[in-house]
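Undergrad: Sharing a model prediction with you, sequence too.
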Amino acid sequence: MTLPLLTAAVLAGDVSAMGSHQSPVAHVGRGLQLPEAMLVQALIDIRNNRLSAALDRVDALLEIKPDFRLAQLIKGDLLMARAHPISTMGAAHAPADRINDLRDEARARLARYEMQPPKDRVPKYLLQMQSEQRYAVVVDTAKSTLYLFENRDGTPHYLSDYYITVGKNGTNKSREGDKKTPLGVYRVTSQLPKAQLGDFYGGGAFPLSYPNEWDERQGHNGHGIWLHGTPSDTYSRPPRASDGCVVLTNEDLADLARHLQVGLTPVIIAEGVEWVDATANAGLRSVLAERLEHWRRDWESKNTDRYLQYYGRGFASSGMNLAQWSTQKRRVNAAKEWIKVRVSEVSMFLYPGHDDLAVVSFTQDYSSDNLSNRMRKRQYWGRDSGGWKILYEGAA
């Protein structure tokens with residue numbers, strides 16, 4: 001049997017050490033699902049010229065996942081190579097663009113096996129999770145991977161990760177119909193069961209809060225960015241194949257759905273996740289917490305000049321710039337005899353691609369001589385030469 005060019009191309013380069021690691025099946029439940037582990041093992045067999053073993057493994061995989069198109073293509077190459085050498089990828093004469101998509105999927109799945117999440121490290125964006133946020137999701141579009149973290153006493157702990165598909169035209173969505181996946185800090189806003197959707201969305205969907213307040217400030221538009229599944233006749237899709245949504249296999253979506261909390265679960269989408277030591281965020285978290293506390297105390301003190309110093313020159317909210325906001329706050333505060341402000345359930349997330357931008361959300365209990373209310377508030381804090389200042393503030 002002659003080595004198919006499909007796997008020769010896929011296995012070259014970055015994964016040349018393939019086969020020196022623990023069996024992919026050993027990673028099932030810790031980042032790799034069984035079908036993906038079986039596929040990766042078949043590709044390792046091919047690299048090591050164990051082609052009969054690879055064919056047996058692909059046959060076993062197709063027994064449980066007959067709709068796994070990448071596995072179908074690899075089987076076709078293996079069977080064709082039994083008869084004669086093949087000169088191109090795709091024994092069944094599939095269209096070139098389809099072959100390229102499947103090659104990209106094979107590379108992405110192999111890379112996921114080779115690059116397991118660093119132990120004792122977390123994405124730098126997870127500064128602080130409030131107690132009710134039991135889980136957080138971080139999507140690495142560059143690695144076609146969605147990571148799930150559990151909140152353990154305020155510290156994120158890795159639970160699992162899943163292969164995902166993103167937009168046909170990549171990332172950094174800015175307008176309706178650009179077929180790109182947005183980058184930023186979002187949250188799950190609702191759950192749409194399978195019964196309410198067409199088959200295209202598979203096992204269901206979880207809409208995300210795109211565009212968020214920062215997107216709108218940048219002039220980004222569009223809507224309908226979801227986490228969702230795949231059609232019933234498709235196990236998985238290539239790494240770039242959606243209209244902007246983040247797509248998982250139906251099995252993975254069902255597993256992830258057990259951990260998603262509508263209105264609470266943060267979904268942070270980055271192009272290349274940066275990992276840091278679990279204690280590395282302590283300094284920045286402390287600085288932001290101190291700034292938030294001083295903002296609260298100065299508001300409560302009715303020292304409006306000092307209170308307004310926490311707002312940056314580029315501040316904008318509810319159609320008001322900093323000057324208009326300042327005028328309103330001076331008028332309102334001057335009419336109060338006393339003010340009490342309590343802040344609780346604070347979450348903090350660093351914005352992907354912007355080390356000087358943080359999203360801080362909290363529950364605010366406000367009372368004064370003539371008004372009392374309780375609300376969930378969101379602020380965007382930006383850092384410049386003058387330190388961290390508020391660039392946006394509004395109801396969450």
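TA: Right, received. Where do you want to start?
Undergrad: Look at stretch 170-179 and report the distance between its end residues.
TA: 8 Å (CA to CA, to the nearest Å).
Undergrad: Now that stretch: buried residues?
TA: By neighbour count on 16 or more other CB atoms under 10 Å, the buried set for stretch 170-179 is 170, 171, 172, 173, 178. For glycine as for every other residue, the C-beta is placed from the backbone atoms N, C-alpha and C.
Undergrad: The fourth one and residue 244 touch, don't they?
TA: Yes - under the criterion of CB atoms under 8 Å, residue 173 makes contact with residue 244 at 5.7 Å.
Undergrad: can you tell me the average pLDDT over stretch 132-150?
TA: The average of the pLDDT scores along stretch 132-150 is 97.
Undergrad: Endpoint to endpoint, that stretch covers what distance?
TA: Between the opening and closing residues of stretch 132-150 there is a gap of 11 Å (CA to CA).
Undergrad: distance between that stretch and the chain's centre?
TA: Its chain's C-alpha centre lies 5 Å from the corresponding centre of stretch 132-150 when counted by CA atoms, centre = their mean, to the nearest Å.
Undergrad: same deal with stretch 67-79?
TA: Taking the mean C-alpha point of stretch 67-79 and that of its whole chain, the gap between them comes to 29 Å (CA atoms, centre = their mean).
Undergrad: now stretch 359-378
TA: Centroid displacement of stretch 359-378 relative to its chain, using CA atoms, centre = their mean, is 29 Å.
Undergrad: Kindly report the same for stretch 175-188.
TA: Stretch 175-188 sits 11 Å away from the centroid of its parent chain (CA atoms, centre = their mean).
Undergrad: for that stretch, how far is the first residue from the last?
TA: End-to-end distance of stretch 175-188: 21 Å, with CA to CA as the criterion.
Undergrad: What's the local residue count around the closest residue in space to residue 160 that isn't next to it in sequence?
TA: Leaving out its chain neighbours, the residue that sits closest to residue 160 by CB to CB, 6 or more residues apart in numbering is residue 148, at 5.0 Å. Around residue 148 sit 20 other residues, with neighbours defined as other CB atoms under 10 Å.
Undergrad: isn't residue 263 right up against residue 189?
TA: Yes - at 6.8 Å, residue 263 and residue 189 qualify as touching, with contact defined as CB under 8 Å.
Undergrad: partners of the most centrally placed residue in the chain in the sheet?
TA: Averaging the C-alpha coordinates of the chain gives a centre point, and the residue nearest to it by CA atoms, centre = their mean is residue 139 (2.3 Å). In this entry, residue 139 is beta-bridged to residue 146, residue 269, by DSSP bridges.
Undergrad: quick one: which of the buried residues of stretch 170-179 is nearest residue 213?
TA: Proximity of the buried residues of stretch 170-179 to residue 213 was ranked by CB to CB; the top entry is residue 173 with 15.3 Å.
Undergrad: just checking, the residue nearest to the centre of the chain touches residue 246?
TA: Yes - taking CB under 8 Å as the definition, residue 139 is a contact partner of residue 246 at 5.8 Å.
Undergrad: Okay, buried residues for stretch 353-365 please.
TA: Within stretch 353-365, the residues that qualify as buried are 357, 358, 359, 360, 361, 362, 363, 364, counting by 16+ other CB under 10 Å.
Undergrad: Ok, stretch 186-200 next?
TA: In terms of neighbour count (16+ other CB under 10 Å), stretch 186-200 has its buried residues at 186, 187, 188, 194, 197.
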